[in-house]
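J.: What would the 3D arrangement of this be:
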Amino acid sequence: MHNALARLVGDASRAHEGLSGFRLLEDALDALSVRASLADVARETLDIQYYIAHDGLTTRLLIQRVLEAADRGVRVRILLDDLTSHGQDARLAALAGHDNIQVRFFNAVPSGRHSALARAVFVLTNIHRMHRRMHNKLWLVDGAVGITGGRNLGDEYYGASEDMNFTDLDLLVAGPLVADMQRSFNDYWDSPFTVDGQAVSRLRPSVDEVKAWRLRLRDRLRLSIRERPRYVAQLRDRYDSRSVGDVAAGLCWARGEVLADSPEKIGTPERPPVEELMYGRLLEQIARVQHEFVLVSPYFVPGHEGIELLRSLTERGVKVRVLTNSLAATDLPLVHGGYTLYREALLDAGVELYEMRARHLVRSKVARLRAMSSLHTKALVFDQQSAFVGTFNMDPRSAFWNTEIGVLLHQEDLAGQLRSLALRGMDTEISYRVMRDEHGHVRWHYQGPRGDAVRKVEPGSLWRKFLSWGSRTFAPEELL
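T.: Here you go, the predicted structure:
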């Protein structure tokens, strides 16, 4: 270890008998400022792996920090799933034009790079492979500190969107466990399913074109900052208060395990065996629960096997609580249709079921409605003793088709923190409590401006209800 960050983390880990340090990043501004700060203190390596990288204020800010790190001599590797990269080839090629930056795509779409229609045709005609994506999310610095969790790159993940923001969660990891996160990244980076970005796009910008792109990035970042002064001021307050020493401050030192799917998961022609997947490891943890199981998943399609598993828990006295999105809040109404197939069965199995509202109340002298939000946190809590935070949604897509990563934490305090966050989200000022009435009909209970209220009809627009009905009726559940 040859830099301040690595030495600091190494010293702190040794002082805690070789344990790893953890901190939950539930606040969107903290999640962004920590990423930016880590890029600023990087001295050797910066490895970035994401499913989605949308353009916007926050992504431009982070890319600027990445470029400055590369200017200092930091080796930067950026690995993106290729499904949502349409229209970004020129920008990514310019980024890769830096001597210290490499960009690669996972499960690339080789045809139709410059035509949305041609791209869509290729994906649909090769759906057996193209529907299987890299859903992993990692931000790794100097092999000493890493971040994983629900957040992709994009304004909606960091509270900067004016339309809709995700309620999300990341986990900061420092110490020995980062080596396992690094190994997972390397496995994907070197995978035969990964290709060089410039080779796919066939773009080779000149030195002058790369310089011109950096100037445009700087100008667009400045424009974005002027357009969002309040958000930027709040972010600057968080960012300016950080130092290298803050990385190790406030960490909870504990045992943990990195659970990660192999990149080979997308290459299997049929559904992979459960015992070979991180899903299988999570099922083992769930089956061991004795008292309470808390599940938070924005997309929740348990299937018949999942219903039976949860029923087996409640029948032996385990309290099972589930928080997912309401139809009005979800960004994927098609997946919500798969969930509704099992909603009544979940209630019949004794599960406490909550659905996050798109707009919810905030306590103040006068109750007010917040901007639209959608749940994106993926977390599990087992008996208030251990917990999981990662990219995994409790649905067939995460279980069998997409690749995923996360951390299983073995520590009561961390499990307690995560449980508290989940229960806060289940408050009826924020979510609907879904229950049956005396006649067996499903009802949505919540706190409104005038107190307790009940909805008899599922909240959500007619269009969302149509999409939900369509997927529930026609879509293969295995693909949801």
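J.: following the lowest-mean-pLDDT helix or strand in the chain, which helix or strand comes up?
T.: Sorting the helices and strands of the chain by mean pLDDT, DSSP states H and E puts strand 368-369 at the bottom, at a mean of 38. Scanning forward in sequence from strand 368-369 by DSSP states H and E, the next helix or strand is strand 373-375.
J.: Now do that next one, average pLDDT.
T.: Strand 373-375 shows a mean pLDDT of 94.
J.: got a list of what Ala15 touches?
T.: By C-beta atoms under 8 Å, 6 or more residues apart in numbering, the contact set of Ala15 is empty. C-beta: built from backbone N, CA, C; applies to glycine.
J.: What strand or helix carries Gly21?
T.: strand 20-25.
J.: Touching that strand from outside, list them.
T.: Outside strand 20-25, the residues that touch it by C-beta under 8 Å, 6+ apart are 9, 12-13, 31, 34, 147, 149, 169-178, 248, 250-256, 389, 407, 409, 411, 414, 417-418, 421.
J.: Please narrow those residues to those residing in helices.
T.: Val9, Ala12, Ser13, Ala31, Val34, Val178, Leu414, Gln417, Leu418, Leu421 (DSSP state H).
J.: The last one touches Asp27, doesn't it?
T.: It refers to Leu421. No. Counting by C-beta atoms under 8 Å, Leu421 does not reach Asp27; the two are 10.8 Å apart.
J.: got the domain boundaries for the chain?
T.: Listed domain ranges for the chain are 4-247, 270-479 (source: automatic domain parsing).
J.: which stretches of the stretch 201-350 of the chain form strands?
T.: Assigned by DSSP state E, counting those that start in this stretch, the stretch 201-350 of the chain shows strands spanning 252-260, 292-296, 319-325.
J.: So what are the sheet partners of the second one and their directions?
T.: When pairing is defined by DSSP bridges, strand 292-296 lines up against strand 319-325 (parallel), strand 379-382 (antiparallel).
J.: What segments of the stretch 51-200 of the chain are helices?
T.: In the stretch 51-200 of the chain, the helices defined using DSSP state H, counting those that start in this stretch lie at 57-71, 89-96, 116-125, 127-130, 178-189, 197-201.
J.: Report the rounded mean pLDDT for the fourth one.
T.: Here helix 127-130 scores 83 as its mean pLDDT.
J.: Straight-line length of stretch 146-160, end to end?
T.: The stretch stretch 146-160 measures 23 Å between its terminal residues, going by C-alpha to C-alpha, to the nearest Å.
J.: where in the chain is pLDDT low?
T.: Where the chain drops to pLDDT under 70, the residues are 1-2, 241-248, 361-371, 480.
J.: Scan it for its longest helix.
T.: The chain, longest helix under DSSP H: helix 207-227.
J.: quick one: it to chain centroid distance?
T.: Offset of helix 207-227 from its chain centre (C-alpha atoms, centre = their mean, to the nearest Å): 28 Å.
J.: list the helices and strands it packs on?
T.: Contacts defined by 3 or more C-beta pairs under 8 Å, 6 or more residues apart in numbering; DSSP states H and E place helix 207-227 against helix 57-71, helix 89-96.
J.: just so I know, which of those helices lies nearest Arg464?
T.: helix 57-71 (26.8 Å; C-beta to C-beta).
J.: what's next to the closest one, contact-wise?
T.: 32, 35-36, 39-40, 42, 46, 48, 53, 76, 78, 95, 98-101, 153-155, 157-158, 160, 214, 217-218, 220-221, 224-225, 227-228, 231-232.
J.: Neighbouring strands of the strand holding Gly21 in the sheet, and parallel or not?
T.: strand 170-174 (antiparallel), strand 252-260 (antiparallel).
J.: if we can go back for a sec, quick one: buried ones out of the contacts of helix 57-71?
T.: Among the contacts of helix 57-71, those scoring as buried are 32, 35-36, 39, 42, 46, 48, 53, 76, 78, 95, 98, 100-101, 153-155, 157-158, 160, 214, 217, 221, 224-225, 228, 231-232 (criterion: 16 or more other C-beta atoms under 10 Å).
J.: Tell me which of the strands paired with strand 292-296 sits most buried.
T.: Stretch with highest mean neighbour count among these: strand 379-382 (a mean of 25; mean count of other C-beta atoms under 10 Å).
J.: From the chain's centroid, how far away is that one?
T.: Worked out by C-alpha atoms, centre = their mean, strand 379-382 lies 15 Å from the chain centre.
J.: Could I have the CA atoms of that strand written out in PDB?
T.: What follows is strand 379-382, C-alpha atoms only, in PDB (Å, rounded to 0.1, in the frame of the first residue of the first chain):
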ATOM      1  CA  ALA A 379     -31.900  -5.100   1.200                       C
ATOM      2  CA  LEU A 380     -32.700  -8.000   3.500                       C
ATOM      3  CA  VAL A 381     -32.500  -8.300   7.300                       C
ATOM      4  CA  PHE A 382     -32.300 -11.600   9.100                       C
END
